[in-house]
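Enquirer: Need coordinates for the below:
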Amino acid sequence: MKKRIVLLLMGASLALSPIASFAGPKIHESFNRLLSEARSGNPRSELLLGYYYMNNLKDNQQAIYWLKQAAKKNYPPAFDMLSTIYSTRYSDIPLNYKKTYYYAKKGADLGQATSENNLGMLYYGGSYVKKDYIKAKELFEKSAAKGNAVGTFNLGQVYFYGNSVSKDKRNGINLYRKAALKGYAFAEGELAAVYQVGDGIPINFPFSYMWYKIAEINGSQKAKRNFFNDHMAEFKKQLPYCIAQGQANVGVMYSKGLAGLPKDGEKAMEWLQRANETDPNLAGIQLNLSKFYYAGIGTEQDPARAFHYAKKAASQPFGPAQQYLAQFYFNGVATKRDLVLAYAWLLDRKSTRLNSS
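Expert: Numbers count the residues shown, from 1 in each chain. Predicted structure coming up:
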């Protein structure tokens, strides 16, 4: 490319458990029923009523009132929610690290992963408590061990920047990836930035594009302002295969339901087709299209199109596609059965290099 523009990584900024993650369990109960049960002292209903006031009625003061009622009964999820609210600049509720500490400590003592992360954040930043990287790391480890995506990402930050441990960027990046695969948009955006500049790992534009795009799909406003969106015309002109492979990677994530994306065959097919339009010369993408059309993933089954894309990919040459194409001739699918051609494609199968990242 004519000029190399990079997006510098942020410093060791930690992530709070997002308020969005507390949209709460899907509330099936009616508001009146929740209100009645909450008034009778049911802590689960008090918690759900707090969610309802916050997300549906946009009344944060009533939300906090009911969440505190649940917390008074030592209901563990209430500590997660309250510690997150007070540690986040959320709507009309001011930051209050003293209250953050109080509720996070209560929740962490009960083994709540979100509270462990939020308490670890206080120790990491020295907010209300004395800065203590070792204590923060211990809390992030506990949170991550329970599968909490934010705690996993924050533990990655500890290793990436070497706070309380020897700097280990690869381990940090592996933890970023674990959090990203759980659908945590902030981790996805940071992982994209790491792949973009090659900080701790080789530069990989297809993976960087994929993670920026997935973070954007998952609601990250920051991820929208990324290197690829700013220089898309230049990429499509000079390095179209980078964008195409990144688009195909998004399709794969949709096909498997990973990284916070729903398992959606139609979306997967849409991204594969988009990738093929961006660069129609990538055999790996053509082979995936062939398999999707053959199996009817995200589209009607279309053996003829499957055969078409298998043949295009095989002719590059591309060993896996040649093997796949041979099956069409061997079984007489979308073409005349021809054992000679089938064996010819199998015998001509080469150990070609996969043109994907």
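Enquirer: how about stretch 272-281: buried residues?
Expert: Neighbour counts using 16 or more other Cβ atoms under 10 Å place Leu272, Gln273, Arg274, Ala275, Asn276, Thr278, Asp279 of stretch 272-281 among the buried residues. Any C-beta I mention is one placed from the backbone N, CA and C, and that applies to glycine too.
Enquirer: now stretch 120-135
Expert: In terms of neighbour count (16+ other Cβ under 10 Å), stretch 120-135 has its buried residues at Gly120, Met121, Leu122, Tyr123, Tyr124, Gly125, Tyr128, Val129, Asp132, Tyr133, Lys135.
Enquirer: so the last one touches Gly120, yeah?
Expert: Yes - with contact taken as Cβ atoms under 8 Å, Lys135 and Gly120 are classed as touching, separated by 7.5 Å.
Enquirer: overlap in contacts of the two?
Expert: Both Lys135 and Gly120 lack any common contact, where contact means Cβ atoms under 8 Å, 6 or more residues apart in numbering.
Enquirer: Just the strands from the stretch 151-300 of the chain, written as ranges.
Expert: Chain-ordered strands for the stretch 151-300 of the chain, with DSSP state E, counting those that start in this stretch as the definition, do not occur.
Enquirer: still on that earlier bit, from the buried residues of stretch 120-135, which single one is nearest Tyr343?
Expert: In terms of Cβ to Cβ, no member of the buried residues of stretch 120-135 lies closer to Tyr343 than Gly120, at 61.0 Å.
Enquirer: That closest one: what's its closest spatial neighbour, skipping adjacent residues?
Expert: Closest residue to Gly120 in three dimensions, ignoring its sequence neighbours and counting by Cβ to Cβ, 6 or more residues apart in numbering: Leu139, at 3.3 Å.
Enquirer: Could you double-check that the one you found lies in contact with Leu122?
Expert: No - with contacts defined as Cβ under 8 Å, Leu139 does not count as touching Leu122, sitting 9.1 Å away.
Enquirer: Now do Asp82 against Ala108, distance only.
Expert: Not quite, residue 82 is Leu, not Asp. From Leu82 across to Ala108, the span is 13 Å (Cβ to Cβ, to the nearest Å).
Enquirer: Looking only at neighbour counts, state which of these two leads.
Expert: Leu82 (26 against 23; other Cβ atoms under 10 Å).
Enquirer: could you point out which element follows the helix or strand where that one lies?
Expert: With the criterion set as DSSP states H and E, the secondary-structure element containing Leu82 is helix 76-86. The first helix or strand that comes after helix 76-86 along the chain, using DSSP H and E, is helix 97-109.
Enquirer: contact partners of that following helix?
Expert: Taking Cβ under 8 Å, 6+ apart as the rule, helix 97-109 contacts 71, 74, 76, 78-80, 82-83, 86-87, 114-116, 118-119, 122, 127-129, 139, 142.
Enquirer: Show me where the protein dips below the pLDDT cut-off.
Expert: Per-residue confidence of the chain (counting by pLDDT under 70) places the weak regions at 1-29, 91, 349-357.
Enquirer: how about CSV for the buried residues of stretch 120-135, with secondary structure and distance to Ala314 added?
Expert: Below are the buried residues of stretch 120-135 laid out as CSV (DSSP: H, G, I helix; E, B strand; the rest coil; distance: Cβ to Cβ, whole Å):
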residue, secondary structure, distance to Ala314
Gly120, helix, 52
Met121, helix, 53
Leu122, helix, 58
Tyr123, helix, 57
Tyr124, helix, 53
Gly125, helix, 56
Tyr128, coil, 63
Val129, coil, 62
Asp132, coil, 59
Tyr133, helix, 55
Lys135, helix, 58
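Enquirer: Helices along the stretch 151-300 of the chain, start to end?
Expert: In the stretch 151-300 of the chain, helices defined by DSSP state H, counting those that start in this stretch lie at 169-181, 185-197, 205-217, 221-224, 227-230, 232-238, 240-256, 265-278, 283-295, listed in chain order.
Enquirer: and the ones you listed as TSV, adding distance to Leu47?
Expert: As requested, the helices of the stretch 151-300 of the chain are exported to TSV (distance: least, Cβ to Cβ, whole Å):
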stretch	distance to Leu47
helix 169-181	25
helix 185-197	25
helix 205-217	29
helix 221-224	28
helix 227-230	39
helix 232-238	44
helix 240-256	32
helix 265-278	33
helix 283-295	43
